[in-house]
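> Need coordinates for the following:
(one chain, ligands or ions: 1)
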Amino acid sequence: MVQVSPGVIEIKHPRFTARVSVRGAQLLSFIPTGLRDLLWCTAPEFVDAALAKGNKPIRGGIPICWPWFAAHPERSDFPSHGFARFMDWKLVHSEDLGEYHQLVFKLRSCAATLVYWPHEFAATVIMKLGVSCSVQFHVKTQGEWTGALHTYLAVDDIYKVELEGLGDRYQDNLDGLVLKQADEVATLNRATEQMYVEPENVTRVKEPDFGTKELCHEGHTDIMLWTPWENAGNSPADMHAGDYKRMVCVETSRIQATQRTGMLSVRIEQR
Ligand SMILES: O=P(O)(O)OC[C@H]1O[C@@H](O)[C@H](O)[C@@H](O)[C@@H]1O
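Alright, predicted model coming up:
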């Protein structure tokens with residue numbers, strides 16, 4: 001395990017190479033040996049700019065959105081998607097267990113978190129990196145939260161991507177929150193923000209020339225499918241033009257129902 005920049009570590013293992021940010025306890029890159037990165041991350045200059053600021057999350061990998069999803073319900077001045085993704089977590093354990101490398105991060109309530117959320121909590125993120133990668137988020141708290149593991153999957157060409165296993169119905173956040181019947185196979189050709197309200201546990205993201213990425217979700221009440229596309233009016237400033245073609249977010253989320261002590265987890269494998 002080597003530090004590649006302040007707060008970012010790289011792990012080279014016979015089965016994979018991975019990059020992890022201690023800020024946000026965020027897996028940024030996961031390259032199974034002989035394959036391509038499963039995760040998309042914005043360009044290094046945007047990562048560095050985020051790390052240089054105190055409250056700017058890194059766009060890419062698997063950000064942990066917590067303890068609220070999207071805008072804060074009452075405070076429009078509070079950060080989108082909560083604070084967990086820009087806090088400095090503590091790396092408390094790192095061990096090669098042969099089959100996989102395990103990392104454990106902790107974050108506890110403190111003055112900086114109580115500013116945003118008036119509840120005590122103890123959160124743990126466990127990453128298991130081997131043939132597949134998994135991120136498990138666990139929290140003990142009496143506070144009610146929503147959140148997501150906001151996975152940015154790398155794709156070769158978003159126009160060719162086919163997704164299965166999202167769910168039968170979704171709320172279309174870009175069309176008046178209307179509830180719609182989903183096609184068996186979802187494709188992408190415009191800005192998309194679809195919350196699948198009866199989510200499946202296994203999602204497959206297929207690309208004709210690059211196989212299938214399989215995501216196994218746990219602890220979720222919904223799955224958010226998001227792509228900013230281009231010129232969508234809300235395209236993030238921390239992405240290059242054209243980046244939208246190389247990523248799609250499939251988010252293991254808990255938006256419809258709050259949780260107290262609980263968990264969210266996703267495991268991703270290239271098939
Ligand atoms: O720019 P952020 O805060 O990382 O959010 C990115 C997107 O995340 C998605 O989950 C939301 O549905 C979108 O509304 C949002 O734009």
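> Just the closest residue of the chain to the ligand, please.
S80 (3.4 Å; C-beta to the nearest ligand atom). In this view, the C-beta of every residue, glycine as well, is placed from N, C-alpha and C.
> host element of V20?
Assigned by DSSP states H and E, V20 belongs to strand 16-21.
> Check the gap between W145 and H81 for me.
12 Å (C-beta to C-beta, to the nearest Å).
> Run through the residues of the stretch 151-271 of the chain sitting next to the ligand.
Contact residues (C-beta under 6 Å from any ligand atom) of the stretch 151-271 of the chain with the ligand: E193, M224, W226, N234, P236, E251.
> any idea which of those residues is least confident?
Note: of these, the lowest pLDDT belongs to N234, at 59.
> Overlap in contacts, W145 and H81.
Shared contacts of W145 and H81, defined by C-beta atoms under 8 Å, 6 or more residues apart in numbering, comprise W66, W68.
> Who are the contact partners of Q102?
Taking C-beta under 8 Å, 6+ apart, one finds H93, S94, E95, I126, M127, K128, L129 in contact with Q102.
> ditto for V104
Here V104 is in contact with L91, V92, H93, S94, T124, V125, I126, M127 (C-beta under 8 Å, 6+ apart).
> for the strand holding V20, what is the average pLDDT?
98.
> Secondary structure of E251: a helix, I assume?
No: assessed with DSSP: H, G, I helix; E, B strand; the rest coil, E251 is strand; it does not lie in a helix.
> A257 - how many residues pack around it?
9 (other C-beta atoms under 10 Å).
> how much space between it and H220?
A257 is 10 Å from H220, by C-beta to C-beta.
> next one: M195
With C-beta to C-beta as the criterion, M195 and H220 are 11 Å apart.
> what is in contact with those two at once?
S253.
> pLDDT (mean, whole number) over stretch 166-184?
The model assigns stretch 166-184 a mean pLDDT of 98.
> start to end distance for that stretch?
9 Å (C-alpha to C-alpha, to the nearest Å).
> And stretch 86-94, by the same measure?
End-to-end distance (C-alpha to C-alpha), stretch 86-94: 21 Å.
> any residues touching it, and which ones?
With C-beta under 8 Å, 6+ apart, stretch 86-94 has contacts from 1, 7, 9, 22-25, 50, 54-57, 79, 101-107, 112-113, 125.
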